[in-house]
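Peer 1: model this:
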Amino acid sequence: MMKKYFGTDGIRGQVGEYPVTAEFMLKLGWAAGRVLGSANGGLVIIGKDTRISGYMFESALEAGLSAAGMDIRLLGPMPTPAIAYLTRTLHANAGIVISASHNAYADNGIKFFSSAGAKLPDDIEAAIEEEVDKPMVTVESARLGKAERVDDAGGRYIEFCKSTIPMSLSLKGLKLVVDCANGATYQVAPSVFDELGAEVIAIGTEPDGLNINRDCGSTRPDLLRKIVQEHNADAGIALDVDGDRVIMVDNQCEMVDGDELLFIIALSRKQQGSLRGDVVGTLMSNLGLEHALQSHDIAFARASVGDRYVLEMLRQTGGVLGGESSGHIICLDRTTTGDGIISALQVLTVMVQSGKSLHELKNGMSKYPQHMINVPVSNGVDLDAAPAVQEAVRSVEQRLAGRGRVLLRPSGTEPVVRVMVEGEDEAQVIKEADQLASKVAAAV
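Peer 2: Residues are numbered from 1 along each chain as shown. The predicted structure is shown next:
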């Protein structure tokens with residue numbers, strides 16, 4: 001289904017450039033209210049990250065929703081998964097997230113959650129787009145929506161996060177560095193780990209609207225590694241700007257990515273007898289994850305890149321665990337969407353219950369070297385119709401002899417093809433990727 005405004009993860013772009021404008025957000029709020037409301041109106045909650053443009057878009061969406069007859073509850077800065085949770089517990093028709101995730105502060109975006117705390121299906125997004133293009137008509141004054149602030153939103157979400165691990169479990173004795181990326185988790189994340197007994201060193205907790213994700217967070221973990229080393233911490237937790245992803249650092253200051261975290265959680269669930277269905281990764285998940293899970297008789301399936309596709313496959317297979325290398329991990333036996341804080345808590349629970357360090361736990365999986373090259377292409381390029389490229393792919397696969405993978409994937413956000421080669425030998429992987437990228441570049 002082709003959509004005009006919505007991408008794979010909502011609407012996103014540079015602030016001030018259509019459709020990421022105050023005017024469009026006013027109309028979007030009205031359109032969403034028309035589609036998601038009922039004859040008697042309804043309720044929508046709005047949360048945001050800490051980028052400066054959030055104030056502007058919050059007000060615009062509020063006005064549009066009110067014009068459509070919807071009541072609004074404003075959460076202020078709040079992680080994306082918290083908005084999914086509160087949409088359910090406040091019995092709202094929908095939740096709206098104002099965030100561009102790991103993008104710089106000059107960008108912003110909008111994501112929606114259904115009343116069940118899940119991302120909207122394509123047909124509902126298409127219906128909202130159809131309404132956006134209609135003239136805006138305000139309901140009569142007696143039916144205008146009202147807006148209120150939810151003062152205890154943070155406390156509600158903190159208690160929910162804590163409830164996802166055994167009540168008797170304590171993090172006392174663990175020293176943790178928590179990097180909040182100057183983003184939406186800056187108030188709640190340190191409190192979650194502190195209230196569970198850990199000694200918490202918090203960084204990235206001084207947002208000014210412009211420093212979001214600046215040299216911190218899950219995409220820039222160098223500062224976290226430094227602080228973990230300086231404080232001789234047991235682990236570092238790097239959240240992304242809107243709180244749905246997490247990357248960790250072990251006590252040896254080595255990175256622990258989403259694939260490794262997913263393995264640790266999955267193996268623990270398997271040993272406890274609570275793992276159901278396939279564990280779902282993506283086309284980009286490391287081959288080492290697949291092999292490690294298979295060695296423990298855990299079925300693994302690959303979805304297209306993107307958390308919504310991981311979630312779809314989990315529902316199809318009846319699974320409860322899935323995720324991406326980026327650290328977007330979905331624990332459906334705990335919540336409805338990817339949640340960085342909750343994912344980190346599952347890993348910390350394994351550490352406490354097993355008595356093992358994060359370094360020991362991640363060593364249960366050996367990652368294969370990967371090398372990826374972005375090859376610029378023109379729009380509409382069809383690599384399946386390029387015989388030289390297909391022959392080159394087959395040749396690489398033959399040389400890898402079943403001990404590696406080749407992936408050509410057009411980017412969904414920029415005009416490039418991602419050429420990825422993975423295998424046991426790093427030198428061979430780099431060489432094969434370089435040669436394959438040259439073939440792709442020559443063909444386009």
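Peer 1: helix, strand, or coil at residue 327?
Peer 2: coil (DSSP: H, G, I helix; E, B strand; the rest coil).
Peer 1: so it touches residue 256, yeah?
Peer 2: No - here residue 327 lies out of contact with residue 256, judged by Cβ atoms under 8 Å, at a distance of 9.2 Å. Yep, even glycine has a C-beta here, placed from its N, CA and C like the rest.
Peer 1: which residues do these two both contact?
Peer 2: Common neighbours of residue 327 and residue 256, counting by Cβ atoms under 8 Å, 6 or more residues apart in numbering, are residue 247.
Peer 1: quick one: the helices in the stretch 251-400 of the chain, in order.
Peer 2: Using DSSP state H, counting those that start in this stretch, the helices of the stretch 251-400 of the chain run over 258-272, 287-295, 307-317, 340-354, 358-362, 387-400.
Peer 1: and the fifth one, what's buried?
Peer 2: By that I understand helix 358-362. The neighbour-count check on helix 358-362 (16 or more other Cβ atoms under 10 Å) flags 358, 359, 361, 362 as buried.
Peer 1: what's the last one in contact with, if anything?
Peer 2: By Cβ under 8 Å, 6+ apart, the residues touching residue 362 are 250, 254, 256, 260, 263, 264.
Peer 1: which among those end up buried?
Peer 2: Applying 16+ other Cβ under 10 Å to the contacts of residue 362 flags 250, 256, 260, 263, 264 as buried.
Peer 1: now compare those and name the two farthest from each other.
Peer 2: 250 and 263 (13.6 Å; Cβ to Cβ).
Peer 1: so the host helix or strand of residue 420 versus helix 387-400, what angle?
Peer 2: Using DSSP states H and E, residue 420 sits in strand 416-423. Here the directions of strand 416-423 and helix 387-400 differ by 20 degrees (axes from the mean of the first three to the mean of the last three Cα atoms, to 10 degrees).
Peer 1: domain assignment for the chain?
Peer 2: Domain assignment of the chain by automatic domain parsing yields the ranges 11-151, 175-362, 370-443.
Peer 1: start and end of the longest one, how far apart?
Peer 2: End-to-end distance of domain 175-362 (Cα to Cα, to the nearest Å): 18 Å.
Peer 1: rounded mean pLDDT for it, please.
Peer 2: For domain 175-362, mean pLDDT is 97.
Peer 1: ramachandran coordinates for residue 156?
Peer 2: With angles defined as degrees, to the nearest 10, residue 156 sits at phi -60, psi -40.
Peer 1: any idea how far residue 420 is from residue 384?
Peer 2: Per Cβ to Cβ, to the nearest Å, residue 384 is found 17 Å from residue 420.
Peer 1: just flag the most distant two among the buried residues of helix 358-362.
Peer 2: 359 and 361 (7.4 Å).
Peer 1: quick one on the thing from earlier: between the domains of the chain, which one is closest to residue 163.
Peer 2: domain 175-362 (8.9 Å).
Peer 1: re earlier: out of the buried ones among the contacts of residue 362, which comes closest to residue 439?
Peer 2: residue 260 (31.9 Å).
Peer 1: residue 365 is in contact with that closest one, correct?
Peer 2: Yes - taking Cβ under 8 Å as the definition, residue 260 is a contact partner of residue 365 at 5.7 Å.
Peer 1: roughly how far is the longest helix along the chain from the heart of the chain?
Peer 2: With secondary structure taken from DSSP state H, the chain has its longest helix at helix 426-443. Centroid separation for helix 426-443 versus its chain: 30 Å, with Cα atoms, centre = their mean, to the nearest Å.
Peer 1: send the alpha carbons of it over as CSV?
Peer 2: The C-alpha trace of helix 426-443 is given here as CSV (Å, rounded to 0.1, in the frame of the first residue of the first chain):
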residue,chain,number,x,y,z
GLU,A,426,37.2,-10.8,8.4
ALA,A,427,39.8,-10.2,5.7
GLN,A,428,37.8,-12.3,3.2
VAL,A,429,34.5,-10.5,4.2
ILE,A,430,36.0,-7.1,3.5
LYS,A,431,37.5,-8.2,0.2
GLU,A,432,34.3,-9.8,-1.0
ALA,A,433,32.2,-6.8,0.0
ASP,A,434,34.5,-4.4,-1.8
GLN,A,435,34.4,-6.4,-5.0
LEU,A,436,30.6,-6.9,-4.8
ALA,A,437,30.0,-3.2,-4.2
SER,A,438,32.1,-2.4,-7.3
LYS,A,439,29.8,-4.7,-9.3
VAL,A,440,26.7,-3.0,-8.0
ALA,A,441,28.2,0.5,-8.7
ALA,A,442,29.0,-0.5,-12.2
ALA,A,443,25.5,-1.8,-12.8
